[in-house]
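> my questions concern the predicted model and sequence given below.
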Amino acid sequence: MKNKKIIVCVLVLTLAILMFGGCQKEQQSSETSKETQNEKPKVTLWATGSDNVRKLFEKAIDTYNSKPDAKSVVELQFIMSGTGEQSLSDRIAAAKLAGQTNTDFDLLAENGSSLSNYVDKAGKDLFVPIDFSKIPNFKYVKMKSAFYTEYVVPYRGTTVVMAYDSARLPNPPKTFDELTQWIKNNPGRFTYNSPGTGGAGAAFVNWALYKDLPPEAKVSTDEKWVDQWGPGWEWLKEIHPYLYKSGGKVVYPNKNQGALDLLINKEVDLIPAWADMVLDNLSKGILPDTVKIYQLDPPLSGTDVVFAIPSIGGNPEDTYDFINFMISPEGQKICLETIFAIPVIDISLIDSDVKQMVADLDPSKFNVISIGKLEDIRNQIWDKTIATLP
Amino acid sequence: MEKKTWKTNLFIVLMLAPSLIMTLGVIVYPLINTFIRSFTAKDGSFTIEHYKFIFTDDIAVGNIIYTLWIVVVTVIGSIFISYLLALYLRFTDSKISKFIGTLYILPRFMPTLVAVYAMITVIRDSGLLNRISVLFGGDFKPGLMYNAKGIILMNLWFNIPFATMIIVASLSAIPDSIIESARDVGAKKLNVFFKIILPLSIKDVMIAMTFIFMSNISSFTTPYVMGGNNPIMLGVYLRKQFSEYSNYELAAALSVVMFVLSSIPALIYIYTNLKEQEWEKTH
């Protein structure tokens, strides 16, 4: 009996400590933030992507919050892609559709081409129009966003390019015909990651599917375009036997990094890859310095990455100061140096040693392909027709 | 024994409550939810279309067969190797066996993803094996990546320590005296194995088989990183359904199918266990 009493006491105590501990921690943190930040409004920024995007925002927010003249306190909520990416658009849409009006979805950072996912689900009034007069640095922004221009502020560009090892491939193929011929002449030396597992492979498949389609198809989520993909699929089937093989069978690596790994290990010579991933791998010495990037003609798809303000968050006015900071030369420098992002302002305004690396990637020539829910259909067809080929 | 008062009863309930609430909330409720969803069409009406698809679509059926094949090979392979290893560890008393006895457990302490990438650096076509062969003038390409062979190799790596642990424990419980007395009356080594050691350890072998089967049928990390594009294991196929195709209802039906597949060995195990107890009673 005595033993049991002791057990009960211990149990109750542990529970109590856990509960109070939790409360106290919360109290403490809110107290300290109040003390140091003088009651500035709190802005929660929601972002999604690979780990490099998280690093970028952690650095930018640290810099911003420590500025004495910052008008708000920014906090990051980051959702790693591939683990719950779907749920950021789902979450925001669900909150909107449930009629919530006072959430902490104050500010959203997303690929311009992904915004149609949000609007598809929750309607165009999910975002509030932006008052550009409150963002003085906007006049320096050169990049035009492709969609919902009055609702978004682009803060960086990102694009898929071709990455090749110049030591083994001095003259990479530039056009569609050259690429086809090169792939056939060099069996096993080209690959792209399966489109469902990463944006680089998806961009390559899109490139094939939309090569000869009219410009309006590239930004349409209308299912009628699915029927027009035929020649693209035929071409992907045609090059299939000449791609990277393992164990005697053509296989497509999973994830963007999967294709990069094959390039790193010299198992292939040419792949489509995200420009920032290649430059990041190069700067860390993971890729040999003979690896270079270039753009195909027509280009692989790229997109602007933008800020948008959900209508269900706090006061939009509070977010403008942070947006303004991100598109200032200082903010752009952080983007460039942390993740090799393509700047949205004139590159000469940025004082950085690494700007040469992205100087060739002209955002005005970006080939924007935004097909929203058609991506699901594309992945399904790819899995059915390309993945099953012998 | 103490009398059960309302106090002790309350105490028992209180002790059980956290785990009961957790189980209900985190396992039972989602399970029921998934089950209902698997019979729901996109417009909310009742349908068995998803199950029909899973058992008639070429790709889906191919994936089920592929998964079962990998799991069965994994179970048989790891039990066979583990049993040999366990016999060696139990009946040999040397420095080497003691060393292996401490070493074999090591893979249990390594995070899955780390182990998978370590294996990839060794077996990929440009990996360690290939580089060693190049040193000697050859160009050996193992061809183990992006197909079933690599996945099975990795599964063996993960499951042999686990199975060995269980079988060693089981073999240790067999007293030396039984084996010695059998040898004394002239039983041959093979006889001792089939008449004494195997029957006394088969129950634990079954436990190990059940666990290996269940943990591998739903495996994700290894087949996702090391597997090919078609066919794919059910864990990866499930992820495709919900995160690439946004086909939540079919994903639910697939989960139910995977749940049923995992329950079969569990049921067989429970059934044989019950039978054995009855057999023990009558004698």
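Great, that's in hand. Treat the numbers as computed from the prediction; the structure is a model and nothing was measured.

> export only the CA atoms of the one helix or strand A:Ala93 maps to, formatted as CSV.
In this assignment (DSSP states H and E), A:Ala93 forms part of helix A:85-97. Output of helix A:85-97 as CSV, limited to C-alpha atoms (Å, rounded to 0.1, in the frame of the first residue of the first chain):
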residue,chain,number,x,y,z
GLU,A,85,4.1,20.5,-48.4
GLN,A,86,0.6,19.7,-49.6
SER,A,87,-0.7,20.6,-46.3
LEU,A,88,0.4,24.3,-46.4
SER,A,89,-2.0,25.1,-49.2
ASP,A,90,-4.5,22.6,-47.7
ARG,A,91,-4.1,24.2,-44.2
ILE,A,92,-4.6,27.8,-45.4
ALA,A,93,-7.4,26.8,-47.7
ALA,A,94,-9.1,24.8,-44.9
ALA,A,95,-8.9,27.8,-42.5
LYS,A,96,-10.3,30.0,-45.2
LEU,A,97,-13.2,27.7,-46.1
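
> and the angle for whichever helix or strand comes after it with helix A:85-97?
Note on helix A:85-97: by DSSP H and E, the next helix or strand toward the C-terminus is strand A:107-111. Using axes from the mean of the first three to the mean of the last three C-alpha atoms, to 10 degrees, one finds that strand A:107-111 and helix A:85-97 are set 140 degrees apart in direction.

> now strand A:107-111: buried residues?
A:107-111 (16 or more other C-beta atoms under 10 Å in any protein chain shown). Backbone N, C-alpha and C define where each C-beta goes, glycine included.

> export whichever helix or strand comes after it as PDB, just CAs?
In the C-terminal direction, the helix or strand that comes right after strand A:107-111 (DSSP H and E) is helix A:115-122. Presented in PDB, the C-alpha positions along helix A:115-122 are these (Å, rounded to 0.1, in the frame of the first residue of the first chain):
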ATOM      1  CA  LEU A 115      -0.100  30.000 -56.100                       C
ATOM      2  CA  SER A 116      -2.800  28.600 -58.400                       C
ATOM      3  CA  ASN A 117      -3.000  25.600 -56.000                       C
ATOM      4  CA  TYR A 118      -4.100  28.000 -53.300                       C
ATOM      5  CA  VAL A 119      -6.500  29.900 -55.400                       C
ATOM      6  CA  ASP A 120      -8.000  26.700 -56.900                       C
ATOM      7  CA  LYS A 121      -8.800  25.500 -53.400                       C
ATOM      8  CA  ALA A 122      -9.800  28.700 -51.600                       C
END
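
> any residue of the next helix-or-strand element following helix A:115-122 up close to chain B?
The first helix or strand that comes after helix A:115-122 along the chain, using DSSP H and E, is strand A:152-165. No. Judged by C-beta under 8 Å from any C-beta of the partner chain, strand A:152-165 makes no contact with chain B; its nearest approach is 12.9 Å.

> pLDDT score for the spatially closest residue to B:Asn155 that is not a sequence neighbour?
Nearest non-adjacent residue to B:Asn155, counting by C-beta to C-beta, 6 or more residues apart in numbering or on different chains: B:Thr74, 4.1 Å away. For B:Thr74, the pLDDT comes out at 96.

> how about A:Lys5?
Value listed for A:Lys5 in the pLDDT field: 67.

> close to chain A: what parts of the stretch 101-250 of chain B are there?
B:124-127, B:143-147, B:149, B:224-225, B:227-230, B:240, B:242-246.

> tally of neighbours for B:Ile202?
When neighbours are defined as other C-beta atoms under 10 Å in any protein chain shown, B:Ile202 has 13 of them.

> can you give me the strands for chain A?
A:42-49, A:73-80, A:107-111, A:152-165, A:245-246, A:249-250, A:270-274, A:291-294, A:302-308 (DSSP state E).

> from the contact counts, what lies against the third one?
This means strand A:107-111. strand A:42-49, strand A:302-308, helix A:316-326 (3 or more C-beta pairs under 8 Å, 6 or more residues apart in numbering or on different chains; DSSP states H and E).

> thinking again about what came up before, name the SS class of the residue nearest to B:Asn155, please.
Here B:Thr74 is recorded as helix under DSSP: H, G, I helix; E, B strand; the rest coil.

> I'd like the average pLDDT over stretch A:235-247.
Stretch A:235-247 comes out at a mean pLDDT of 93.

> centroid-nearest residue for chain B?
Centroid-nearest residue in chain B, with C-alpha atoms, centre = their mean: B:Ile212, separated by 1.7 Å.

> please report how far that residue lies from B:Val71.
From B:Ile212 over to B:Val71 the distance is 8 Å, taken as C-beta to C-beta, to the nearest Å.

> follow-up on the earlier one: so the residue nearest to the centre of chain B sits right up against B:Ala163, yeah?
Yes. If you go by C-beta atoms under 8 Å, B:Ile212 and B:Ala163 touch, sitting 6.4 Å apart.

> give me the common contacts of these two.
Shared contacts of B:Ile212 and B:Ala163 (C-beta atoms under 8 Å, 6 or more residues apart in numbering or on different chains): B:78-79.

> tell me where the stretch 251-390 of chain A has helices.
In the stretch 251-390 of chain A, the segments counted as helices under DSSP state H, counting those that start in this stretch are A:255-264, A:275-283, A:316-326, A:329-339, A:355-358, A:374-381.

> between those, which one is closest to B:Arg183.
helix A:255-264 (55.5 Å; C-beta to C-beta).

> residue contacts, the closest residue to B:Asn247 other than its chain neighbours?
Closest residue in space to B:Asn247, ignoring its immediate chain neighbours: B:Gln241 at 4.8 Å, by C-beta to C-beta, 6+ apart. Taking C-beta under 8 Å, 6+ apart, we find B:Gln241 in contact with B:247-248, B:250-251, B:254.

> go again using 6 Å as the cut-off
Neighbouring residues of B:Gln241 by C-beta atoms under 6 Å, 6 or more residues apart in numbering or on different chains: B:247, B:250-251.

> what is the burial count for residue 63?
In the absence of a named chain, this looks at chain A. Residues near A:Thr63, counting by other C-beta under 10 Å: 15.

> wait, I meant chain B there
Considering only other C-beta under 10 Å, B:Asn63 is surrounded by 22 other residues.

> so it is in which element?
Using DSSP H and E, B:Asn63 maps to helix B:58-91.
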